[in-house]
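Participant: Provided below for reference: sequence and predicted model.
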Amino acid sequence: MQVNGIPIEATFAEAFPMRVTRLIVTGHDRTWALHAARATTGCATSVIACGCEAGIERELKARESPDGRPGFALLLFAMSGKQLAKQLQLRVGQCVLTCPSSACFSGFEEGETLPMGGSLRYFGDGFQVSKQLHGKRYWRIPVMDGEFLCEEYAHYRKDAVGGGNFLIIGRDTAGVLKACERAVEAIGKLPGVITPFPGGVVRSGSKVGSKYSSLPASTNHRYCPTLRGATDSALPRGAACVLEIVIDGVHREAVATAMRKGIQAACRGGGNLLAISAGNYGGKLGPVHLRLREICRGLAK
Amino acid sequence: MKRVLLRLETESILPLDLEPLSTAVTRAPSLEALRRVQLWQGRRRVALGKLFQVGATKHDVDLELRKAKPFLQRVGAGLKSGRFLVHGDVGDYCGRGMSGGELLLRGSAGHGAGLEMQGGLLRIQGDCGDSLGGAAPGRQTGMQGGLILLRGSCGARAGEYMRRGLVVIQGDCGDCCALGMHAGTLAVLGKSGRMPGRRMRRGTLFLARAPRGTPPGFAFCASLEIGYLRLLRRHLNRLQRGLGAALIPEPPRVHRYMGDLVGLGKAELLVPLPSGDRTDG
C-alpha cells in the first residue's frame, strides 16, 4: 500500500487505554488564557516520567467558554483516575490558580468526578465562597487580583486511548520535519485529540526495557539511523531520519481519525519520505492495535 | 393525570388550601378522582369538584389554574415535580416548601411565596408580599434551594435566613432583604428598602441600584470584576431573555462590601459600578 507514492508498512500502532479529563481555562484575554494553558500542559509529554500527558486541544471563542471570555480546552491523560486526580490538583493548583485573571472549568459534562476546586478551595483560608448554578458548584477563592473561579469537580472518561502513533521515515531531517509539521497541523484541527510532544513530534521513540536494570524504557535502536548496519535495524536503505507523532485521544475513533489525517497530510508533500511505519511492542503491552493499512484504506493511490 | 384545567367558580371569604393539589394532580388516575379530592376551606373540607370546573388544558403543563383569587392559599406548596400554570392573583404561601417542578404564576402572590423552598423554579409575574423565599415565623431556616424569579416588587424580609438557592427580584424590595442570610444569592434590580443585608452571615446580596450609603455593618473592600457574575448573567439570560444583561454589567465590575461585621461578616454586598466608572479602589 502506498499513499502518494510513499509506502505504508504493514504494521500497527500499539496504544493503551487511558483516563482523560478536559479542562477549560479562560483568562482576561487570549494572551493570559494561553499563558495558563501552556503552563498547565507543560512538561506533560509522557506518562512514564511526567505523570500525565497533556496538551491544548483547541482554542475557544469567547462565546463558547463558560464565562464568556477567551479560553482553551485542554486534555489531560493518565493511566488511572487516581493518577489523574493527583496531576489535576497539581497542575490546576500550580499553573491555573497562579496565573493572573484565570478561571478553570470542567470540559466534560459527565463521567466520574475528580476533585478540582473542591480541594483547591482550602487555599482561600476560610474566605473561599461556593456558589451553585445550574446543578454545578463553583469555588471563588480570593487571590491578589480578585478571585480565582474554579468548578468543584472535573469529570473524566475511561475510554480514552493514548499512544496512538506513526513514524515518518525519510532521507533527511528537513524533509521529515516538514512532513511532521503538515501532519501536526492537520491533527490540530481535529476534536478530542492532542499531540503531547514538543511541536507534536518526538524523536526519541522508545522500546520497553534497557540493558540498565533501573530504566523502564530506552532508545528504540531499530529506528536509529546511526545504528543501522550494526543492529537489527528496521530502517529501509537510505533512511537518515525518523520522527514519531504520538496521538492521545478521548476514544479510539478519535485517535484513528487523527492518524489517518496525519498520514494523509504527511504524505501530501512527497519530498524525501521513504515510508510510514508505526511503533509497537509486538502487541504484548497495549491492547489497542491501530493497523496502519486499515486506517489508511481509501487514501492509497 | 396530565394537562388538567381547573377553573375557579366560586368566591369565598374563607381561605382555601390548595396544597393537596400539588400531589393530587399527578397521582389522580382520572378527572373524576380529581374532582373528589378534599380541600380545606376554613374549618370545612370540600370536594374540589364543588369549587372548580375540571377539564383538560391545551397548554403543555400538568395543571392550569384559571381565575385564581387571593383566597386560594398555598398554591403549589410542596410541589415536587411537574409544571403548574396559574392565572390570577393568589394568597399566601404560594410555592411554600417546593422541592422540584415549576410553578408559573401569571399574577401576584401574598406573603410567604417560596417560603422554605428546597428546589424547583417559582416564577411570579406580578408582585408579592413579605418573606419571599424566607423562613416561617419563629424559624431560622429560609429557602434551601431552587430559584425564584419575581417580575414585580416584594415586601419586607425577602430571602430571610436563606441557606441556598437564587432569588431575583426585578422590581423593588422592602426593608431588611437578606435578613440573617446564611448562603445563596439574592439579586434586586430595583430599589431596596432599609437595612439591606442586616445580620447576614454568608451569601451574596446583589443590589443593581446602590442603597443610600453603606449599609450598617458592611465594610467596603474594592471595586473589581467578579468572575462568578459572568456565570450568573449567562444563567439568568437562559432563564429569561435579557434578565442577566439587565442585572449585571459587562464587564461585571462591582463595588464589593463585606458584612455584617457585627456577626460572622463573611457575606458580600455587590453593587455594580455606574457605567463608564472604571476606578479601582
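Facilitator: It's in. Residues are numbered from 1 along each chain as shown, chains lettered A, B, ... in the order given.
Participant: Now do the helices in the stretch 101-250 of chain A.
Facilitator: For the stretch 101-250 of chain A, the helices defined by DSSP state H, counting those that start in this stretch occupy A:117-120, A:173-188.
Participant: Can I get these in CSV including distance to A:Asp232 and mean pLDDT?
Facilitator: In short, each C-beta sits where N, CA and C put it, glycine included. Listed next are the helices of the stretch 101-250 of chain A as CSV, based on distance: least, Cβ to Cβ, whole Å; pLDDT from 0 to 100:
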stretch, distance to A:Asp232, mean pLDDT
helix A:117-120, 49, 96
helix A:173-188, 22, 96
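Participant: For B:Pro216, find the nearest of the ones you listed.
Facilitator: helix A:117-120 (33.1 Å; Cβ to Cβ).
Participant: send the alpha carbons of that closest one over as PDB?
Facilitator: Provided in PDB are the C-alpha atoms of helix A:117-120 (Å, rounded to 0.1, in the frame of the first residue of the first chain):
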ATOM      1  CA  GLY A 117     -11.900  23.500  43.100                       C
ATOM      2  CA  GLY A 118     -13.200  21.300  45.900                       C
ATOM      3  CA  SER A 119      -9.600  20.600  47.000                       C
ATOM      4  CA  LEU A 120      -8.000  23.900  45.900                       C
END
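Participant: Tell me which residues are up against that helix.
Facilitator: Residues from elsewhere that reach helix A:117-120 (Cβ atoms under 8 Å, 6 or more residues apart in numbering or on different chains): A:89, A:92-93, A:97, A:104, A:137-139, A:141, A:148, A:150-153.
Participant: how long is stretch B:118-133 end to end?
Facilitator: By Cα to Cα, to the nearest Å, the extent of stretch B:118-133 from end to end equals 10 Å.
Participant: ok, now stretch B:158-174?
Facilitator: Stretch B:158-174 has its terminal residues 8 Å apart, counting by Cα to Cα.
Participant: check whether that stretch contacts chain A.
Facilitator: Yes. Stretch B:158-174 is in contact with chain A by Cβ under 8 Å from any Cβ of the partner chain, via B:164, B:166.
Participant: Can you lay out the contacts of helix A:117-120 as CSV showing distance to chain B, neighbour count and pLDDT?
Facilitator: Formatted as CSV, the contacts of helix A:117-120 follow (distance: Cβ to the nearest Cβ, whole Å; neighbours: other Cβ atoms under 10 Å in any protein chain shown; pLDDT from 0 to 100):
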residue, distance to chain B, neighbour count, pLDDT
A:Gln89, 20, 17, 96
A:Val92, 15, 28, 98
A:Gly93, 18, 16, 97
A:Leu97, 13, 19, 98
A:Cys104, 10, 32, 98
A:Arg137, 11, 13, 96
A:Tyr138, 6, 23, 97
A:Trp139, 10, 25, 98
A:Ile141, 11, 20, 97
A:Phe148, 8, 27, 98
A:Cys150, 10, 28, 98
A:Glu151, 10, 23, 98
A:Glu152, 13, 20, 97
A:Tyr153, 15, 19, 97
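Participant: any chance of the helices of the stretch 101-250 of chain A in a markdown table, with mean neighbour count too?
Facilitator: What follows is the helices of the stretch 101-250 of chain A, written out as a markdown table (neighbours: other Cβ atoms under 10 Å in any protein chain shown):
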| stretch | mean neighbour count |
| --- | --- |
| helix A:117-120 | 21 |
| helix A:173-188 | 20 |
